[in-house]
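[1] here are the coordinates; sequence isn't available:
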């Protein structure tokens, strides 16, 4: 796959786009993308890393906010990670987790 296409795919993935959108941006078909990734393990690894980049940035932003003492970010994290213990809407609907005192 040409270098320019790889760079466009990476840019699209870094910005959180899905595979069909990234392919459209790079000017290739999803079938051509799938074929190239299946043939080239290094390219496959690069594309997987690029696809995870936006989520990684978001998690780092969240962690940095918690480290700085942002209580809202900390509570939002807990509510999403353990809704049965920290999310009041979940608790009202389903009850508390059995291991809570």
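    Right, received. Where do you want to start? Values in this document were obtained by computation on a predicted structure and should not be read as measured data.
[2] When you work out contacts or count neighbours from here on, use the C-alpha atoms and nothing else.
    Fine.
[3] Run a quick check on residue 1 versus residue 37, I expect a contact.
    No. The pair residue 1 / residue 37 is not scored as a contact, 9.3 Å apart, by CA atoms under 8 Å.
[4] who's more crowded, these two?
    residue 37 (18 against 11; other CA atoms under 10 Å).
[5] Which of the helices or strands spans the more buried one?
    Using DSSP states H and E, the element containing residue 37 is helix 30-39.
[6] How far off centre is the helix or strand just after that helix?
    Following helix 30-39 in sequence order, the next helix or strand is helix 41-67 (DSSP H and E). Averaging C-alpha positions (CA atoms, centre = their mean, to the nearest Å) puts helix 41-67 6 Å from its chain's average.
[7] Same question for stretch 90-98.
    28 Å.
[8] And for stretch 36-49?
    Chain-centre distance of stretch 36-49: 18 Å, with CA atoms, centre = their mean.
[9] Give me the residues contacting that stretch.
    1, 9, 10, 13 (CA atoms under 8 Å, 6 or more residues apart in numbering).
[10] In helices only, show me those.
    9, 10, 13 (DSSP state H).
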